[in-house]
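Peer 1: Okay, structure incoming, though there's no sequence with it:
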Ligand code: C2E
Ligand code: CA
Ligand code: CA
């Protein structure tokens, strides 16, 4: 620290100057010489700092003598030793020194230093005549030199102390500033952490997109409602799923999907009664907790579900489009269906998966039977995964008979699944599941290949037509017509020998895509048949819109023929109308001779049903065909 003390800047206080003045005056007097001086070294000169007030003294305080001009005092400072010049006039070293001009020809001086060794200047005496300065005088000078240096030491220590104080103050300042900064940084970090924690807490309990409470928050609400001092008497847990979200995302983009969800969330929030708590689980799935009383909760939740179904009938904007939300609702009740929220949510979701068929927009209450059906469904789903590779599928063929002459002119290929664990599983049970899981694509290809290769075989021997069923899911594949074309070529089956049967389900999805595939199939020469005619909603309009060759009257109409004249009228009308549109008509489910006779009378082209033959393996039908062939030859 002391190295930093700038001795040049240390001021000599007035009291000390006065005492120095006394000193030099006293020396001059005692030594009997005209000049006694204290000189201070400045940057480029030596300053007459204190000068004795004695007669004949030519030196004035404040006068500056240039360095490098051969000054006695400069030599003393440089050599740091006493200099004694008794007679400069006769001293070749000093005979040109500037003091001679002032009349001073002898000199005795000592260096004055600061305690750190830096020079202060000198203390000296000068005489206008030769003066050898005896020991007594030199001791006197040395003595006063010590007194002055003691003063310098005091000043120096004071400066050091001030410097240390300054430093300390500076350090304290600096530390205070540093602490303040640190404090600010800490506060900021605490704020950021608190904000982050709040965000995490929010994210943990609320859906980021809709701002609605999430699953966790709903569970918390359930605990609050069912726990505590006044637990709820009854609750309904509603599970709502937007079935067409994926379709909206795929067709119009995720932004449109997000907008749809936002709109629904807003609609729901606005419309729900105060007793209801709404949450969003993501991926189009909402849940509602509705509070009520055990004797009215069923009616209350049915009313709420009905209200919601109505709410979803109005289209909602999604991007530039307008979408009618396809929402299915499932309901489970507390404590009737369970006392744990996870169980209730699961049951509501199970119930929901049973609603929405055949058309979305309705609601279902959970029932125990649903659970067992669901379990069976899950079993089927898991067994289906290996069914193809384990050759568990087989096609059966049901004869299609010309209702005019009773000849077998074709057959419908119907899929059969035998599973070692589940036994024989009806297509009505496993096909919807395969459609949901997407396995129908692979299964459908198996059906196409097996039926086409079999048809090629039969068609070589006789005029024959094979009908096969296509699922709406298969129709989503834009290459369906291409696949069929390749198989026809591979097995060399004339296209008109193949008829594909579709239901309205195909046309209910993407109409444009369906039409494209149907047109492509028509161009190939493959025949197209509308299956289960009469059971759907807009069968009539479809007949005109799409390029059908055949309609198959659903067997529910045929079953009612014998005891309902209305059904007779209906079947008659369908046949007449189809003929007007140049379509062939097949009557399904012919079980009796009476039914066969009726549709034959009404000029229905083809007849299919147990009366003519049940679906049988290819070899069995082959035998039947050969028998008939032989019979006709005979
Ligand atoms: P579908 O296309 O309407 O097939 C006719 C169904 O009626 C067949 O049931 C057949 O066995 C049954 N049936 C025929 N004649 C009579 C009768 O006189 N009385 C009664 N009560 N029933 C009769 P199956 O084979 O159980 O097939 C059920 C449904 O499964 C089919 O209805 C069809 O929608 C679907 N399906 C069958 N095979 C396939 C397939 O390979 N692919 C696709 N996508 N669906 C298939
Ligand atoms: Ca069919
Ligand atoms: Ca049918």
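Peer 2: Here it is on my side, so go on. What you see is a predicted model, and the numbers here were worked out from it, not measured in a lab. Numbering: from 1, shown residues only. Ligands and ions are numbered 1, 2, ... in the order given.
Peer 1: Excluding covalently adjacent residues, which one is nearest to the closest residue to ligand 3 within the stretch 301-450 of the chain?
Peer 2: Using C-beta to the ion, the closest approach of the stretch 301-450 of the chain to ligand 3 is made by residue 412 at 8.4 Å. Backbone N, C-alpha and C define where each C-beta goes, glycine included. Leaving aside its sequence neighbours, residue 412 sits nearest to residue 467 (C-beta to C-beta, 6 or more residues apart in numbering; 4.4 Å).
Peer 1: which residue sits closest to residue 267, ignoring its sequence neighbours?
Peer 2: Once flanking residues are discounted, residue 267 sits nearest to residue 311: 6.0 Å by C-beta to C-beta, 6+ apart.
Peer 1: Near that neighbour, how many other residues are there?
Peer 2: 17 (other C-beta atoms under 10 Å).
Peer 1: Could you check how far it is from residue 266?
Peer 2: 11 Å (C-beta to C-beta, to the nearest Å).
Peer 1: Report the beta-bridge partner residues of the closest residue to ligand 1 within the stretch 251-400 of the chain.
Peer 2: Going by C-beta to the nearest ligand atom, ligand 1 is nearest to residue 398 of the stretch 251-400 of the chain, at 5.6 Å. Per DSSP bridges, the residues bridged to residue 398 are residue 412.
Peer 1: Let me know the distance separating the residue nearest the centre of the chain from ligand 1.
Peer 2: Centroid-nearest residue in the chain: residue 208, 9.6 Å away (criterion: C-alpha atoms, centre = their mean). Using C-beta to the nearest ligand atom, to the nearest Å, residue 208 is found at 41 Å from ligand 1.
Peer 1: Which secondary structure state does that residue sit in?
Peer 2: coil (DSSP: H, G, I helix; E, B strand; the rest coil).
Peer 1: And the pLDDT at it?
Peer 2: At residue 208, the model reports a pLDDT of 81.
Peer 1: so the residue nearest to residue 412 bridges to which residues?
Peer 2: residue 412, residue 499.
Peer 1: picking that back up, for the residue nearest to residue 267, give me its contacts.
Peer 2: Going by C-beta atoms under 8 Å, 6 or more residues apart in numbering, residue 311 touches 267-268, 271.
Peer 1: Find me the pLDDT at it, would you?
Peer 2: At residue 311, the model reports a pLDDT of 87.
Peer 1: now do residue 626
Peer 2: Here, the pLDDT recorded for residue 626 equals 83.
Peer 1: Ok, residue 179 next?
Peer 2: 87.
Peer 1: Next secondary structure after whichever strand or helix holds it?
Peer 2: Assigned by DSSP states H and E, residue 179 belongs to helix 135-205. Downstream of helix 135-205, the next assigned helix or strand under DSSP H and E is helix 215-226.
Peer 1: Quick check: the gap between the residue nearest to residue 267 and residue 564.
Peer 2: As judged by C-beta to C-beta, residue 311 and residue 564 stand 39 Å apart.
Peer 1: got it, and residue 499?
Peer 2: Relative to residue 564, residue 499 is positioned 29 Å away (criterion: C-beta to C-beta).
Peer 1: can you count the residues close to the residue nearest to residue 324 when sequence neighbours are not counted?
Peer 2: Nearest residue to residue 324, sequence neighbours excluded (C-beta to C-beta, 6+ apart): residue 315, at 4.8 Å. Residue 315: 12 surrounding residues under other C-beta under 10 Å.
Peer 1: Begin at 16 from now on, thanks
Peer 2: Let's use 16 as the start, then, which means that last one is residue 330.
Peer 1: Surely residue 330 and residue 279 touch.
Peer 2: No: contact status for residue 330 versus residue 279: not in contact, 11.6 Å apart, counting by C-beta atoms under 8 Å.
Peer 1: I'd like the next helix or strand past the helix or strand hosting residue 446.
Peer 2: Take DSSP H and E as the rule and residue 446 turns out to sit in helix 442-452. Following helix 442-452 in sequence order, the next helix or strand is helix 455-476 (DSSP H and E).
Peer 1: sorry, back to before: could you pull up the contacting residues of the residue nearest to the centre of the chain?
Peer 2: Applying C-beta under 8 Å, 6+ apart, no residues contact residue 223.
Peer 1: which parts of this protein sit against ligand 1?
Peer 2: Counting by C-beta under 6 Å from any ligand atom, the chain comes close to ligand 1 at 413, 429-430, 441-443, 446, 462, 484-486, 516, 546-547, 570, 604-606, 623-625, 630.
Peer 1: Filter those down to the buried ones, PyMOL style.
Peer 2: Those of those that count as buried under 16 or more other C-beta atoms under 10 Å are selected in PyMOL with:
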select buried, resi 413+429+430+446+462+484+485+486+516+546+547+570+604+605+623+624+630
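Peer 1: re earlier: okay, the residue of the stretch 266-415 of the chain closest to ligand 1: pLDDT?
Peer 2: 98.
Peer 1: same thing with residue 374?
Peer 2: In this model, residue 374 carries a pLDDT of 50.
Peer 1: ok so, going back, these two touch, right, the residue of the stretch 316-465 of the chain closest to ligand 3 and residue 470?
Peer 2: No: using C-beta under 8 Å, residue 427 makes no contact with residue 470, being 11.4 Å away.
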